[in-house]
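Asks: what follows is a predicted structure for the sequence shown.
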Amino acid sequence: MARAAVRPDALEGATVPQPTIALGELLHQYQLSLVLIAGSSEQAHDGTVQWVHVSELEDPTPFLPPRTVLLTTGARFSTVDDQAEAEAYVQRLITAGVTALGVAVGLHFDRVPARIVSACDRLGLPLFRVPYDTAFIEIVQTAARLLDARARERDLWALESQRAVAAASLHRDGLGAAVREAAARLGRRVCVTDRSGRIIEFAPQAERGEVQPEWIRRETRRLIERGVSAGRIGTAGGSGIQMQALGRQGQVLGVLVVEDRGAPDTAERTLIGLIAAIATVQLEHRSGIDDAQSALRMAIVQLLLAKDFALAEILGRGALSRLPRGPVVVARYPEAESADLLEDLRSLDAGSPGLITASHEGSEIVIGETRHLPAIRRLLLSHRVPSGISERGTLQELGELLSQADRALAFSLASGAEAPVDYLPALHDGVLHLLSSHPEGRRRAEGLLAPIRQHDRRHDDTIEESLATWLAHHGQTSPAAAELGVHRHTLKARVQTAAALLQADLDSPDTRAELWAALRLTTDRTE
């Protein structure tokens, strides 16, 4: 499907088609003795009739709804002086959507005027003769009876179809079976997507290759972003699709997509509504957003970090399609970010083996096989979320991958980026990380700070804490004192004590840098 136009009209507001019958069905009622004498035989067979109307007006078109059969005795045809006027009369009927014209004979004319016959022939409007013995009211009543029978037929179809779809939803593959049954009953393509637009179920499968998943995904996102519950979207060739959001108010879980072959009648709308309800229930079940599922996912992540893979595998059977295997990546983003993003990620998680989303230590974590990275990155970008993405690794290296994602996230937040930042060792590890990984660097840092720490233990003092806070504020006494909750003269005295103990010049930037590095290497500070 190639996109042509978007029509944001809601399906709920669209006009519901009324029952119709084929014109040929009315003409073939033998007791009426109607005879087709002009116009297109194809239209006479396939033309749709919604009602039959009688009028003797010179121009009845302002009062005629589309798909009407107009009956007349031809009382006004005597004023039609030439062929041009006859064709103008017929053209007005065609423009108004009239399906056919019926002219009675034996009252004003023994046979239908030749000019009218010729005009209907040339312009393609079906024209039939009504014999003298057939009353117009008999034609109207016959049409009403046929239309009523069609309405009852559609009601029975709707009831039977709803029962079939409801029964299919009870199968093991409930949503897939219901979608397949609905597509067969409607004679249209039907699919269900998650919030991100990824197709979860599609029927008939033989036609799956004729749709463009990326186009469906884009239009799904547009529907959700517009905040409307339904819409009709045009495609190349004049056809299109109908889309309906699934879920509760304020919590969209996915979208129902139905091929658009003209506005559905009441019976079809009822069946589509049933599919929407079934899909909503199934998506709520699949979403895994309840507290129990969230707690279970958090436990699985803790087990993976503890390298207890056997127990994580057991727990994963109840919460995940499958634990990640092979190369994996870790993504992190702040917990306070958009709830819509969390819903999108959980929706992706629900139908994607090898992907876990969970809360972990105050932020959200996504662990996925590397094949899921494009989808994860696309969601983070679409929601403009600051986030960090680790290098590729194995579950055995999950702790290190998580640390990488944390450092990349910290950089993303500090830089104000509204996009994922990939972890790069050269940029995110820095000199301190290199020193901390070398035992000699930590030993020398501890030796440098030993005089201060011995003093604090001996005198129950806080010289080290005061020095660290003062350095964190770039040597500015007032804000550092405010953070510590002491007077600035008290902090100044403590800094002077530190300088005396270390026998160092704290006004030197080299000394300050060395002390700050030593404090970072020997403490758990993360400022």
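Replies: Thanks, I have it.
Asks: helices and strands around the helix or strand harbouring Ala182, which ones?
Replies: With elements taken from DSSP states H and E, the one containing Ala182 is helix 174-186. The elements that helix 174-186 packs onto, with contact taken as 3 or more C-beta pairs under 8 Å, 6 or more residues apart in numbering; DSSP states H and E, are helix 136-168, strand 190-194, strand 199-203, helix 266-287. Heads up, the C-betas are built off the backbone N, CA and C, glycines and all.
Asks: how far does it sit from the chain's center?
Replies: Using C-alpha atoms, centre = their mean, to the nearest Å, the mean C-alpha position of helix 174-186 is found 20 Å from that of the whole chain.
Asks: same check on stretch 171-186?
Replies: Once both centres are worked out by C-alpha atoms, centre = their mean, stretch 171-186 turns out to sit 20 Å from its chain's centre.
Asks: buried residues of the host helix or strand of Ser359, list them for me.
Replies: For Ser359, the host element (DSSP H and E) is strand 355-360. Using 16 or more other C-beta atoms under 10 Å as the burial criterion, the residues of strand 355-360 that qualify are 355-358, 360.
Asks: could you pull out the strands for the stretch 401-527 of the chain?
Replies: In order along the chain, the stretch 401-527 of the chain carries the following strands (DSSP state E, counting those that start in this stretch): 420-422.
Asks: give me the neighbour count for the residue nearest to Thr477 when sequence neighbours are not counted.
Replies: The shortest distance from Thr477 to any residue that is not its chain neighbour, by C-beta to C-beta, 6 or more residues apart in numbering, is 4.8 Å, and that residue is Arg488. A total of 15 residues lie near Arg488 under the criterion other C-beta atoms under 10 Å.
Asks: before we move on, back to that, redo the helices and strands packed on helix 174-186 as JSON lines? Include mean pLDDT and mean neighbour count.
Replies: Below are these laid out as JSON lines (pLDDT from 0 to 100; neighbours: other C-beta atoms under 10 Å):
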{"stretch": "helix 136-168", "mean pLDDT": "91", "mean neighbour count": "15"}
{"stretch": "strand 190-194", "mean pLDDT": "89", "mean neighbour count": "26"}
{"stretch": "strand 199-203", "mean pLDDT": "87", "mean neighbour count": "21"}
{"stretch": "helix 266-287", "mean pLDDT": "84", "mean neighbour count": "20"}
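Asks: do you know which of these lies nearest Glu446?
Replies: Ranking the helices and strands packed on helix 174-186 by proximity to Glu446 (C-beta to C-beta) places helix 266-287 first, at 50.6 Å.
Asks: that closest one to strand 199-203, inter-axis angle?
Replies: 140 degrees (axes from the mean of the first three to the mean of the last three C-alpha atoms, to 10 degrees).
Asks: which strands or helices does helix 266-287 pack on?
Replies: Using 3+ C-beta pairs under 8 Å, 6+ apart as the contact criterion, the elements in contact with helix 266-287 are helix 136-168, helix 174-186, strand 190-194, strand 240-248, strand 251-260, helix 339-350.
Asks: now distance to Leu395 too, for the ones you listed, in CSV please.
Replies: Conversion of the helices and strands packed on helix 266-287 to CSV gives the following (distance: least, C-beta to C-beta, whole Å):
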stretch, distance to Leu395
helix 136-168, 39
helix 174-186, 31
strand 190-194, 25
strand 240-248, 33
strand 251-260, 29
helix 339-350, 17
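Asks: among those, which is nearest Thr48?
Replies: Proximity to Thr48, assessed across the helices and strands packed on helix 266-287 by C-beta to C-beta, is greatest for helix 136-168 (10.6 Å).
Asks: distance from the chain centre to the closest one, please.
Replies: With C-alpha atoms, centre = their mean as the basis, the mean position of helix 136-168 lies at 35 Å from the chain mean.
Asks: can we start the residue count at 401 from this point?
Replies: Taking 401 as the first residue, the last one we looked at is helix 536-568.
Asks: before we move on, the earlier item: the helices and strands packed on helix 666-687: which one's closest to Leu919?
Replies: Go through the helices and strands packed on helix 666-687 one by one with C-beta to C-beta and the one that ends up closest to Leu919 is helix 739-750, at 36.6 Å.
Asks: give the rounded mean pLDDT of the closest one.
Replies: In this model, helix 739-750 carries a mean pLDDT of 70.
Asks: same check on stretch 485-499?
Replies: If you average the pLDDT values across stretch 485-499, you get 92.
Asks: what comes up buried for it?
Replies: Within stretch 485-499, the residues that count as buried by 16+ other C-beta under 10 Å are 486-487, 489-490, 492-493, 496, 498-499.
Asks: closest to Val469 out of those residues?
Replies: Taking the buried residues of stretch 485-499 together and measuring to Val469 by C-beta to C-beta, the closest member is Thr499, at 5.6 Å.
Asks: quick one: contacts for that closest one?
Replies: Listed by C-beta atoms under 8 Å, 6 or more residues apart in numbering, the contact set of Thr499 reads 423, 443, 447-449, 467-469, 526.
Asks: now it: phi and psi?
Replies: Backbone torsions of Thr499, given as degrees, to the nearest 10, read phi -80, psi -40.
Asks: returning to that earlier point: which pLDDT does the model give the residue nearest to Thr877?
Replies: Reading off the confidence values, Arg888 has pLDDT 89.
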